[in-house]
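Peer 1: Need the 3D shape of this:
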Amino acid sequence: MPAQLEPVEVPQAILYLWGWFCELSNARQYGEFGPMPISFSEIKAWSDLTHSDPAAWEVATLKEIDRVYLSEANKK
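Peer 2: Presented below is the predicted three-dimensional model:
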């Protein structure tokens with residue numbers, strides 16, 4: 001199995017961030033050239049709808065996860 005397909009264990013303490021990212025990513029916009037970045041306004045709308053109150057570092061982490069996701073998605 002290629003290394004990039006090997007499962008990675010997410011630490012329990014931040015597993016909720018992965019769940020948040022998955023929720024946001026499932027609602028992401030797609031443009032002519034593929035997936036678009038998750039915007040701050042989309043995070044705010046999601047936060048309001050789900051009654052979540054992410055701290056600044058959590059938003060920054062979501063944006064970093066999204067940056068890595070887009071980097072991998074754009075390799076294809």
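
Peer 1: Could I get the contacting residues of the residue positioned nearest the centre of the chain?
Peer 2: Nearest to the geometric centre of the chain sits residue 21, at 3.4 Å (CA atoms, centre = their mean). Going by CB atoms under 8 Å, 6 or more residues apart in numbering, residue 21 touches 62, 65-66, 69. (C-beta placed from N, C-alpha, C; glycine too.)

Peer 1: State the pLDDT value of it.
Peer 2: Per-residue confidence (pLDDT) for residue 21: 97.

Peer 1: so how far is residue 32 from it?
Peer 2: 24 Å (CB to CB, to the nearest Å).

Peer 1: Only the buried residues of the helix or strand hosting the residue nearest to the centre of the chain, if you could.
Peer 2: Assigned by DSSP states H and E, residue 21 belongs to helix 15-26. Using 16 or more other CB atoms under 10 Å as the test for burial, helix 15-26 gives 17, 20-21, 24.

Peer 1: can you confirm residue 38 is in a helix?
Peer 2: No. Assigned with DSSP: H, G, I helix; E, B strand; the rest coil, residue 38 falls outside any helix and is coil.

Peer 1: which stretches of the protein aren't confidently modelled?
Peer 2: 1, 76 (pLDDT under 70).

Peer 1: quick one, strands of it?
Peer 2: With DSSP state E, the ranges of strands along the chain come out as 30-31, 34-35.

Peer 1: contact partners of the first one?
Peer 2: I take that to be strand 30-31. residue 36.

Peer 1: Quickly run through the sheet partners of that strand, with directions.
Peer 2: According to DSSP bridges, strand 30-31 forms sheet pairs with strand 34-35 (antiparallel).

Peer 1: do you know how far the residue nearest to the centre of the chain is from residue 2?
Peer 2: Distance from residue 21 to residue 2, by CB to CB: 23 Å.
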